[in-house]
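> Just a sequence and a predicted model for now, questions to come.
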Amino acid sequence: MKRMILLSLLLPIAACGKQDRDAAKQPGVVTNILDQAVPDARPADAPANGIAPMEPSPTVDTPPPPAAPDGLIPAAFQGRWVGEQEKCGDRAAPLELKVAPDSLIFHESVGTVKAVRAESDGRVAVDAAFTGEGQSWTRTLQMRPSADGQALTITNDGTAVVRKRC
């Protein structure tokens, strides 16, 4: 009985070898359907992780990234800022502000930039829609960096607050 099982397992292997020999004797016989379906395919290079793909990677056209919105905050204003007397490592600092190209992230509110206008003396006016503590509002902030870029003065409704760069 064990011999029968062993022979039944070896028979398909022996048949595969015979098929390859028969194909070599008969031109035009395709033993691998992929050879006929994709005649110009070449094996892919083995990736660094040692896993070889079975099929070539398809070419997929990807759409270009969306265009950046007009009115981004200039790079000189971007970064993390805190009050002059606060420590840079204190994430709970009341005057903490992160300025990104398209947002102003304060301690308890976030402003999405709607427009940025250059003004005199290197200042910019930033129109933003804010949300925080369950409320929404719009505001125009005047921002002016110091000459060395290490301080940022923000004027909101006539009140100016100076922050230092972290």
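Okay, I see it.
> Can you give me the buried ones in stretch 74-81?
For stretch 74-81, the neighbour count (16 or more other CB atoms under 10 Å) marks 77, 79, 81 as buried. Glycine gets a C-beta too; all of them are placed from N, C-alpha and C.
> what's next to it, contact-wise?
Identification of contacts with stretch 74-81 by CB atoms under 8 Å, 6 or more residues apart in numbering yields 88, 95-101, 116, 124, 143, 145, 149, 152, 163-166.
> Any of those buried? List them.
95-97, 99, 116, 124, 143, 145, 152, 163-166.
> out of those residues, which one sits closest to residue 135?
Of all the buried ones among the contacts of stretch 74-81, residue 135 sits closest to residue 97, with 18.5 Å by CB to CB.
> ok, now which ones touch that closest one?
Taking CB under 8 Å, 6+ apart, one finds 80, 81, 82, 104, 105, 106, 107, 152, 154, 163 in contact with residue 97.
> any idea which of the residues you listed is closest to residue 129?
Using CB to CB, the contacts of residue 97 come closest to residue 129 at residue 104, 10.3 Å.
> pLDDT of whatever helix or strand the closest one lives in, averaged?
With elements taken from DSSP states H and E, the one containing residue 104 is strand 103-106. Per-residue pLDDT over strand 103-106 has a mean of 94.
> other SSEs contacting that strand?
Using 3 or more CB pairs under 8 Å, 6 or more residues apart in numbering; DSSP states H and E as the contact test, the elements touching strand 103-106 are strand 97-100, strand 110-118, strand 124-132.
> Show the average pLDDT along the first one.
Averaging pLDDT along strand 97-100 yields 94.
> Could you measure from the residue lying closest to residue 118 once chain neighbours are set aside over to residue 75?
Take residue 118 and drop its neighbours on the chain: the residue closest to it by CB to CB, 6 or more residues apart in numbering is residue 124, 5.7 Å away. As for residue 124, its distance to residue 75 is 12 Å (criterion: CB to CB, to the nearest Å).
> And for residue 83?
22 Å.
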